[in-house]
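Asks: This is a predicted model, with the sequence first.
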Amino acid sequence: MFDSFHSGIFFRMFMLATVSCGMHPGAACEAQQAQESHTVAGVVRNSMTGQPIARALVDGQADATLTDNQGRFELHLSQRFANLQVRRPGYTSRENGRMHAFNLEDAETTNLTLYLTPTATITGHVVAENGGDPNNVFFQVYRKRSVRGHERWIPMGGAETNSDGIFKMFDVEAPANYVLCSHSHREQAIVVAPGKTISGYGYPSQCYPSGMTGGADVLNLSAGQQAEVEIPLARQPFYQVTIAEPNYPLGGQNGVNVQIMQQDGLSANAPVQWNAQARTAEIYLPNGNYYAEGRSGGQTKAYGRVDFKVADMPLQSLRLVVLPLVPVPVEFHKEFANEADAKSKAGAVSFSVIQGNGMNRHADIGLQLELMPLDRITETALGIGLHYPDGVEDGDQLELDGVTPGRYWVLASYFRPGYISAITSAGVDLTKDPLVVGAGNNVAPIQVTVRNDGGHIDCTVNSPSPPHRIGGYSIGASGVVVYAIPAGPRVSPIPQAGVAMDGRTQIANLAPGTYRVIALEAYRDLDSMDTNDLSQLAEKGKTVTVAAGETVSVQVDVTRSEEQNP
């Protein structure tokens, strides 16, 4: 029986064959066949058991094939540089979906071993307490990750219960830690008699095995695990909550998005209805502590928040005042040895707030700032922009729009020759302490200082050619990437450079200080604030001290995947 995955595979293979010669008859076809061809062959194996995987798609863009019963494949490619991607239902790439990239002329390509890791499956059975029918209850799965060195729960998909209260989640990446959280679900069929305070019954938002704060329990999944969980949901009364927006039309249907959050920072996942006639937002919630946030985008960015508690009765006296957000000032300073460089425009500057996986806007050159909220368990993306104040077209004084009150870690990157030497606000070192934005965006200017007297590391990598098992996205000719992990606070991404086939590379414009230099066989997106991961990697590197304006040389071996920490 053909499934959609394998149907797609055979359609792609048919199209590749057609393009190769079927549409280029005669001399054109003969010329194409006469092109130099490289054979890429190997086997695809299960990373957990080592067993070969049959019928996995190995895609080389210009050619593709399915592995045989022994997991073997063979491709014929004419290009010099090739990217292979391996896929099969029930498995995930060991390199998190990245392509295997290598140079066909330099790498051994006839005895490759590529790996897939089996995914896990979650089957949930909802047991309704106090009666009721737990049908059509949606469960979101969150994966625990370290983002900028801080624990975050990233949404990874979900499923809905059927008439038997059962839901299934397939192709869940493992090993990893998860929490399952239900969306607030009110029974629509309930008809409440006039004069009653209860607005129906349903199931509140609830997480399994427990909440997400502190040392909460998690669902630890291993690769290929078929997990079965039983989740009790208590049927509870729901009450109507009415929130007035007194400064409508700035809010309401003209652009304000109202979201209901639990006090622990997790969304209550409760649908909000807008009553245009009364100019109110209406929500149905069970007992609990909540807050409502209102945001508007467009030319006028505004924000408001109101905290409230539902306790056995409806609420009708809440007011959500949504006010325009005052720009946050940013001062950009250059302490350059060359006065001409110091006077160059600061205009190629951008800003982004990371409040989730999302919208991260920045220019190709210049300065990039990122704010990571401390007080949110899960994050939503919000892109904002940095600009000159009204009427100003140049200079070091800038403004930042769209930042809401809260506490933030600040991360900065500079994409011109130079390095960030300091980033502060009212004397607070933002490399060590968070930026606190008060109510009404009351905050001192963010001051960023850049210098151009950085040092350099000349690095020679021993035996840089990639191994038979080639993984990751290659950003250097050899596929090897060198990282200089700085000691102490880190405000910028980890400096890195691709390695040429002769094993040489240079990392330039480094802030003076001590670094641990390590060469990895493939690119890794190192989290600059994940202290635990970086310290374990740094132990495998070599220590160098970089002075202002000077160059230091170092020689390192390649740290292979099996030597890296998972």
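Replies: Thanks, I have it. Numbers count the residues shown, from 1 in each chain.
Asks: Assign the residue nearest to residue 387 when sequence neighbours are not counted to helix, strand or coil.
Replies: Leaving out its chain neighbours, the residue that sits closest to residue 387 by Cβ to Cβ, 6 or more residues apart in numbering is residue 399, at 5.9 Å. C-betas here are computed from N, CA, C, even on glycine. Three-state assignment for residue 399 (DSSP: H, G, I helix; E, B strand; the rest coil): strand.
Asks: Quick check: the gap between residue 399 and residue 437.
Replies: Noted for residue 399: a distance of 14 Å to residue 437, by Cβ to Cβ, to the nearest Å.
Asks: Then residue 295?
Replies: Applying Cβ to Cβ, the value for residue 295 to residue 437 is 15 Å.
Asks: and what of residue 413?
Replies: To residue 437, residue 413 is 21 Å away according to Cβ to Cβ.
Asks: If you count surrounding residues, which of those two has more?
Replies: Ranked by neighbour count (other Cβ atoms under 10 Å), residue 413 and residue 437 place residue 437 first, with 20 against 17.
Asks: contacting residues for the closest residue in space to the more buried one that isn't next to it in sequence?
Replies: Nearest residue to residue 437 in three dimensions, chain neighbours excluded: residue 443, at 4.7 Å (Cβ to Cβ, 6+ apart). Shown in contact with residue 443 (Cβ atoms under 8 Å, 6 or more residues apart in numbering): 328, 425, 435-437.
Asks: same thing with residue 88?
Replies: Residue 88 sits next to 53, 55-57, 116 when contact means Cβ under 8 Å, 6+ apart.
Asks: and if you look at residue 174?
Replies: Counted by Cβ under 8 Å, 6+ apart, residue 174 has contacts 117-120, 221-225.
Asks: What is the nearest of those to residue 256?
Replies: Closest approach to residue 256 among these (Cβ to Cβ): residue 221, at 38.8 Å.
Asks: Just grab the bridge partners of the closest one for me.
Replies: Residue 221 has the following beta-bridge partners by DSSP bridges: residue 176.
Asks: rewinding a little: single out whichever of the contacts of residue 88 has the smallest pLDDT.
Replies: When those are compared by pLDDT, residue 116 scores lowest at 89.
Asks: Can you read off the pLDDT for residue 305?
Replies: Listed pLDDT for residue 305 reads 91.
Asks: Quickly note the distance from the residue nearest to residue 437 to residue 431.
Replies: Counting by Cβ to Cβ - residue 443 and residue 431 are separated by 17 Å.
Asks: domains of this protein?
Replies: Domain ranges of the chain: 4-118, 120-237, 248-263+274-324, 328-444, 455-563, per automatic domain parsing.
Asks: So what's the residue count around residue 282?
Replies: There are 17 residues near residue 282, going by other Cβ under 10 Å.
Asks: Tell me the secondary structure at it.
Replies: Secondary structure, three-state DSSP: residue 282 is strand.
Asks: partner residues bridging it?
Replies: Counting by DSSP bridges, residue 282 forms beta bridges with residue 242, residue 273.
Asks: What segments of the stretch 251-400 of the chain are strands?
Replies: Taking DSSP state E, counting those that start in this stretch to define them, one finds strands in the stretch 251-400 of the chain at 256-262, 273-275, 280-285, 288-296, 302-310, 315-319, 323-324, 328-335, 349-353, 367-373, 386-387, 397-400.
Asks: Out of the ones you listed, which gets nearest to residue 447?
Replies: Residue 447 sits nearest to strand 328-335 of all the strands of the stretch 251-400 of the chain, at 4.7 Å, using Cβ to Cβ.
Asks: Identify the residue with the minimum pLDDT among the contacts of residue 443.
Replies: Among these, residue 328 has the weakest pLDDT, 86.
Asks: isn't it right next to residue 399, touching?
Replies: Yes - the criterion here is Cβ atoms under 8 Å, and residue 328 meets it with residue 399 at 7.0 Å.
Asks: between these two, which one's more packed in?
Replies: Between residue 328 and residue 399, residue 328 has the larger neighbour count (other Cβ under 10 Å), namely 24 against 18.
Asks: show me the contacts for the more buried one.
Replies: 399-400, 403, 437, 441, 443, 445-446.
Asks: Out of those, list just those in strands.
Replies: Judged by DSSP state E, those include 399-400, 437, 446 as members of strands.
Asks: Can you say which two of those residues are spatially most distant?
Replies: For the ones in strands among the contacts of residue 328, the farthest-apart pair by Cβ to Cβ is 399 and 437; their separation is 13.8 Å.
Asks: Distance of the closest residue to residue 56 other than its chain neighbours relative to residue 59?
Replies: Nearest residue to residue 56 in three dimensions, chain neighbours excluded: residue 88, at 4.1 Å (Cβ to Cβ, 6+ apart). Relative to residue 59, residue 88 is positioned 11 Å away (Cβ to Cβ).
Asks: do the same with residue 245
Replies: Using Cβ to Cβ, residue 245 is found at 52 Å from residue 59.
Asks: of the two, who's got more company?
Replies: More crowded of residue 245 and residue 59, by other Cβ under 10 Å: residue 245, with 23 against 19.
Asks: Could you pull up the contacting residues of residue 231?
Replies: So residue 231 contacts 124-127, 139, 180, 182, 206, 208 (Cβ under 8 Å, 6+ apart).
Asks: Please name the bridge partners of it.
Replies: Under the criterion used (DSSP bridges), residue 231 bridges to residue 126.
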